[in-house]
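> Predicted coordinates and the sequence they were generated for:
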Amino acid sequence: MDQTREQLPFDILFVGAGPANLASAIHLMELAREKKMKIEVGMIEKGNTIGSHAISGAILDPIALKELIPDYLERGCPIEQTECRDNLYFLTRKGGFSIPFTPKYLHNEACLVISLSKFTRWLGGLAEEMGVNIFPGFAGTEVLYNADASCVIGVRTGDKGIDKHGKKKSNYEPGIDLIAKVSVFGEGSKGSLIRDLGKKMDIFSNKMPQVFETAIKEVIEIPESSPFLSAETTVLHTFGYPLRLNKKGGGFLYRLKDNRVCCGLVVALDYQDPFLEPYEAFLRFKRHPLIAEIIQGGKVLQQGAKTLSAGGYYTMPALVANGTVFVGDSASMLNTQRLKGIHTAMKSGMIAAEAIIFALEKNDFSTKTLKKYELGVEKSWIKDERYKARNFTQALSQKGFLKFMHIGAQYFTGGRGLKDPLTIRKDNSTLKTLTPKKANKTKTAVPQHFDGTLYVDKLTGVYLSGTKHEEDQPCHLIVHDTRICETKCFESYRNPCALFCPGKVYEIKEGPQGKRQLVINPANCLHCKTCEVKDPFENITWTCPEGGGGPNYSMV
Ligand SMILES: Cc1cc2nc3c(=O)[nH]c(=O)nc-3n(C[C@H](O)[C@H](O)[C@H](O)COP(=O)(O)OP(=O)(O)OC[C@H]3O[C@@H](n4cnc5c(N)ncnc54)[C@H](O)[C@@H]3O)c2cc1C
């Protein structure tokens, strides 16, 4: 540990203010109050306010919310829609049909539609009222360990006021060492600290590899005359077009309050076509006649993007290590089959809180004591729900008819299916090298018409996400070897980073002698982390920029 830095001691430190950690902190404070324990609890969030980096669908199964805050309605929980009447569509290029039989797991009658940004802001307020010290605008950039690195003892926040060459500026503020008996990591999907911690404490070994999807979402104001506002359906899910059957993913469109809808497309990041561009696929989804009819005349109010950790039960890491626990998407808690992870994130946080109270009572923060959390998850409805979906993502990764055989068999056997555990198709995990014939082409240009209102280009999307970063700071996107981008990656894949990034962060420009050069625009970064997952050479590492930078979501 660096003795020159300021140290702030806590009993418990939460890293990230997503639903997992907020539910955990609220439950922890409640339990401590019941037991008359006085505890100091801190929470850091890299967004400049609580909720500013929160983006989700979001259909909320309120099961965990009801357990945590039974009177959530009286306490002002922000809800967009209480009536969830589903329709599942298979889309073809120009048409589609409604699937007459919607699988049970896709029924949402008992759910609520929320904005995760508003919801987390509300939870944050409750947590603060209960005494949690929340520090928005502070990114955790380093995990702190004891001398022999066998136990996590806290987290260091990022330095502020460093210029792009690494020199201290006049407003330099060194990061602070936040020391805690237990550090709770709820960084969401593809957390940058859990990545490093995972290597050091070996929490991912003997688990199936993590699997990720990426999603682009908008909130759109639509005219009062839109047929969707008076339709029976309020929640629409689609599959098929614009992705093909062998590409995982699908679209969604939900009715919100005040003539607004949210609309998004999820694309699994195991796609193999280097020319696939999730953002462009999203625009094609919006232009599909079924969707276009609903949103025509509308205006995009906000846009954003984020990855989801979609691997399911068998990809869940060890949930505890000495001095630390992992909750929510950081611990791969999402149920891909139900397209939901908020309720499981919240419940995992709540069970972790119970284990932490137990550890505080015993004054023992070892793996052995904190294991109570892991056991609690196994005994809870999280396990019941996720176990039924344990092979689902893996089934989706199969090709052609086999995929449907697996899914069908799983449906009738409580998730076991034809093979348990089913592994992800190996050849599905990366991009396909372009054949010499294809390698001479660049992406087939699809003519796009952007009207700047309903159909916006990537840069307008970045603007509509409210994304801002201090420009004069070290680049937080570490490209380890730019020569790979300029040679091997170009030759094999035609630089897919320029396509998979929804924020136009990566560009390949041709220099005077025709020499290719990678240009990075880190200020556009939406913190979705797609680049770290999808770069075919694993040449990009996403790190937290100066705290407070990034999107400024308020309604997605
Ligand atoms: C487009 C989209 C649609 C979805 N639809 C649904 C849906 O309809 N229903 C549903 O239930 N789920 C849905 N999900 C999944 C759901 O949003 C997640 O499962 C859930 O938000 C996970 O909660 P979490 O607390 O684990 O992480 P997150 O919600 O990701 O929160 C993590 C927080 O930690 C912060 N953070 C990360 N790293 C650091 C760091 N190093 N230092 C400080 N702060 C940090 C982040 O800024 C963020 O605020 C969707 C997800 C997406 C992206």
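Cool, got the structure.
> what bits of the protein have low per-residue confidence?
Scanning the chain for pLDDT under 70 picks out the ranges 1-3, 427-429, 436-447.
> longest helix of it?
If you go by DSSP state H, the chain has its longest helix at helix 342-362.
> which other helices and strands contact it?
Contact here means 3 or more Cβ pairs under 8 Å, 6 or more residues apart in numbering; DSSP states H and E; on that basis helix 342-362 packs against helix 19-34, helix 63-68, strand 177-185, strand 324-326, helix 367-379, helix 381-387. All C-beta spots, glycine's among them, are computed from the backbone N, C-alpha and C.
> and the helix or strand that the longest one is followed by with helix 342-362, angle?
So that's helix 19-34. Where DSSP states H and E defines the elements, the next helix or strand beyond helix 19-34 is strand 41-45. With axes from the mean of the first three to the mean of the last three Cα atoms, to 10 degrees as the basis, strand 41-45 and helix 342-362 are set at 150 degrees to each other.
> quick one: strand 41-45 near the ligand?
Yes: counting by Cβ under 6 Å from any ligand atom, the ligand is contacted by strand 41-45 at 44-45.
> List, one by one, the residues from the stretch 451-556 of the chain near the ligand.
When proximity is defined as Cβ under 6 Å from any ligand atom, the stretch 451-556 of the chain approaches the ligand at Cys544.
> The stretch 451-556 of the chain: strands as residue ranges?
With DSSP state E, counting those that start in this stretch as the criterion, the stretch 451-556 of the chain has strands at 477-479, 506-510, 516-520, 540-542.
> Mind checking these for the one nearest to Ile424?
Relative to Ile424, the nearest member of these by Cβ to Cβ is strand 540-542, separated by 21.7 Å.
> which strands and helices sit next to the closest one?
The criterion is 3+ Cβ pairs under 8 Å, 6+ apart, and the helices and strands that strand 540-542 contacts are strand 477-479, helix 530-534.
> Highest mean neighbour count out of those?
Ranked by average neighbour count under the criterion mean count of other Cβ atoms under 10 Å, these are headed by helix 530-534 at a mean of 24.
> Domain-wise, how is this protein divided?
Domain assignment for the chain by automatic domain parsing gives 8-69+118-207+317-387, 86-110+210-309, 392-424, 436-447+456-542.
> distance between the shortest one and the chain's centre?
Which is domain 392-424. Its chain's C-alpha centre lies 24 Å from the corresponding centre of domain 392-424 when counted by Cα atoms, centre = their mean, to the nearest Å.
> May I see the buried residues of that domain?
Residues of domain 392-424 classed as buried under the neighbour-count rule (16 or more other Cβ atoms under 10 Å) are 392-398, 403, 406-407, 409-411, 415-417, 422, 424.
> Touching stretch 272-279 from outside, list them.
When contacts are defined by Cβ atoms under 8 Å, 6 or more residues apart in numbering, stretch 272-279 is touched by residues 214, 216, 247, 265, 267, 427-428, 430-432, 434, 443-444, 458, 461, 492-494, 496, 499-500, 502, 530, 536.
> repeat that for 7 Å
Contacts of stretch 272-279 with the rest of the structure, by Cβ atoms under 7 Å, 6 or more residues apart in numbering, involve 214, 216, 267, 428, 431-432, 434, 443-444, 458, 493-494, 496, 499-500, 502.
> and it, how far apart are its ends?
End-to-end distance of stretch 272-279: 16 Å, with Cα to Cα, to the nearest Å as the criterion.
> C-terminal to the helix or strand encompassing Glu293, which secondary structure element comes first?
Glu293 is located in helix 289-295, with elements delineated by DSSP H and E. Read in the C-terminal direction, the helix or strand following helix 289-295 is strand 299-309, with elements assigned using DSSP H and E.
> Which strands border that following strand, and is each parallel or antiparallel?
Strand partners for strand 299-309, identified by DSSP bridges, are recorded as strand 212-221 (antiparallel).
> quick one on the thing from earlier: name the residues of the longest helix of the chain that are buried.
Residues of helix 342-362 classed as buried under the neighbour-count rule (16+ other Cβ under 10 Å) are 342-360.
> Just give the nearest non-adjacent residue to Glu67, would you?
When the adjacent residues along the chain are set aside, Glu67 lies closest to Met350, with 6.9 Å between them (Cβ to Cβ, 6 or more residues apart in numbering).
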